[in-house]
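> next come a sequence and a model predicted from it.
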Amino acid sequence: MELIRNARVFAPRPLGIVDILIAGEKIELIQPGIEIPESLLSQTIDLDGRSVVPGLIEGHAHVTGGGGEAGARSRVPRQVLTDFTAAGVTTVVGLLGTDDITRSTEELLATTRALNEEGITAMCHTGGYHIPPRTLTGSVASDIVNIEVVIGIGEVAISDHRSSQPTLEELLRIASQVHVAGMMTEKAGIMHLHVGDGPAGLELIRRAIAESEIPARVFNPTHVNRRKQLFEEATDLASTGSTVDVTSFPVAGDEDAWPAWKALELYWERGLPTDKITVSSDCGGCLPEFDSEGRIESYEIGESHSLVQTLQTLIENGHPVEAVLPPFTTNQARLLRRETKGELRVGADADLVVVEDPFKITDVMARGRWHIRAGKRQITGTFEK
């Protein structure tokens, strides 16, 4: 057991200055002045009033590397453990994107398992941009039911010149598999949808919800802040029960897009359901700019640290810590149906981040083990230097 004393806990709701008792991979107790014999403790850490928040949940990660749209040389290398932990991420969802041909479901599954073995919590989607989806066992439903770490399908591309231009019928057929498999396994059972710059926007998702019996929660569009009009559509969709995901990619001042922090502010100002919006980084993914013929003009690589930058901006803008945390923690956990994640409470997984103002990460614990202490990496990936 390990005792953390004098922590200012945001669970995300503020709990004040309390102690946290860790037993194995779980939080055993949270309260002021915990008394326990020192002989039973592996160590005691006094945080002297520094803030502790839940570990962040990265809901969209190209753990095997993304890219590939500008030839083989543009294939992004796989993500390593500290790409996540250094950004306070303790839970990650891996997926395939444009390249679901040279990047395989088998490779994604192995990389997901490796991250679990290295000490964080990792899960993944089956499939990728295209329909029919790339699977391991022959069907989306079978992958979700029979492979423990597979929780849904993604990222299926719509409104994008790189997509397979799916029809409504094709989308519904796969969504029904995901929904039923999620029910059978008590997994997330979501269709994580990449939304491109196409003029159709979210029309296909709106029709799927209106013309079928599949619950709105199954449809989970991402990148919805990439165009301002697309974001307007997404805010309407959130009112129907879908969880919409904004991406913390860089946005230029004159660009027709909202940075993640601004999208969150707009969403909150409109009084929309606070539990129906999340933030992810597209880490390991290629963030391209295309010309009129669909050729890449330039691209950047997504990083989980952009989540931290978004939180810093929101806090500097005057938003309370407890108000800005849910899209990165509890909302993600609810969408993924992971009850032990996203919150600091008794019985939850011991995933926590120690921060100094304005959200500068100093320490990270995942599943009861310190990955970062006093800014120094304690655990690295197997092949990291």
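Thanks, I have the structure now.

> for the spatially closest residue to residue 23 that is not a sequence neighbour, what are its contacts?
Excluding its sequence neighbours, the residue lying closest to residue 23 (Cβ to Cβ, 6 or more residues apart in numbering) is residue 1, at 4.9 Å. For every residue, glycine as well, the C-beta is placed using N, CA and C. By Cβ atoms under 8 Å, 6 or more residues apart in numbering, residue 1 lies in contact with 21-23, 28, 36, 40-42.

> residue closest to the middle of the protein?
residue 59 (1.7 Å; Cα atoms, centre = their mean).

> where in the protein is pLDDT low?
Along the chain, the model assigns pLDDT under 70 to residues 288, 290, 298.

> how is it divided into domains?
Using automatic domain parsing, the domain ranges for the chain come out as 2-53+342-377, 55-336.

> tabulate those (TSV), appending distance to residue 385.
As requested, the domains of the chain are exported to TSV (distance: least, Cβ to Cβ, whole Å):
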stretch	distance to residue 385
domain 2-53+342-377	11
domain 55-336	10
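
> and the closest residue to residue 186 other than its chain neighbours, how many neighbours?
Leaving aside its sequence neighbours, residue 186 sits nearest to residue 337 (Cβ to Cβ, 6+ apart; 6.5 Å). Neighbours of residue 337 under the rule other Cβ atoms under 10 Å: 15.

> how close does residue 337 sit to residue 208?
As judged by Cβ to Cβ, to the nearest Å, residue 337 and residue 208 stand 21 Å apart.

> swap in residue 92?
For residue 92, the distance to residue 208 equals 27 Å [Cβ to Cβ].

> when those two are compared, which one has more neighbours?
More neighbours surround residue 92 than the other of residue 92 and residue 208, with 28 against 22 (other Cβ under 10 Å).

> give me phi/psi at the more buried one?
Phi and psi for residue 92, reported as degrees, to the nearest 10, are phi -140, psi 140.

> skipping adjacent residues, who's closest to it in space?
The spatially closest residue to residue 92, leaving aside those adjacent along the chain, is residue 58, at 4.5 Å (Cβ to Cβ, 6+ apart).

> I'd say the one you found and residue 94 touch.
No: using Cβ atoms under 8 Å, residue 58 is not in contact with residue 94, being 9.2 Å away.

> settle it for me: which of those two has more neighbours?
residue 58 (30 against 25).

> tell me what the host helix or strand of that one is packed against?
Residue 58 is part of strand 56-61 when elements are defined by DSSP states H and E. For strand 56-61, the elements it packs on are strand 89-94, strand 244-247, strand 277-280, helix 305-316, helix 330-336, judged by 3 or more Cβ pairs under 8 Å, 6 or more residues apart in numbering; DSSP states H and E.

> take those and lay them out in TSV including distance to residue 196.
As requested, the helices and strands packed on strand 56-61 are exported to TSV (distance: least, Cβ to Cβ, whole Å):
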stretch	distance to residue 196
strand 89-94	20
strand 244-247	12
strand 277-280	16
helix 305-316	20
helix 330-336	22
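
> out of those, flag the one nearest residue 69.
strand 244-247 (16.8 Å; Cβ to Cβ).

> and residue 370, bridged to which residues?
residue 365 (DSSP bridges).

> all further residue positions should be reported with the first residue as 12.
Right, with 12 as the first residue, what we last looked at is residue 381.

> how close does residue 147 get to residue 137?
Taking Cβ to Cβ, one finds residue 147 at 7 Å from residue 137.

> and residue 275, by the same measure?
Per Cβ to Cβ, residue 275 is found 29 Å from residue 137.

> likewise residue 295?
Taken as Cβ to Cβ, the span from residue 295 to residue 137 is 18 Å.

> check residue 321 too.
Relative to residue 137, and taking Cβ to Cβ, residue 321 is found at 28 Å.

> higher neighbour count, those two?
Regarding residue 321 and residue 137, a neighbour count based on other Cβ under 10 Å identifies residue 137 as having more, with 28 against 25.
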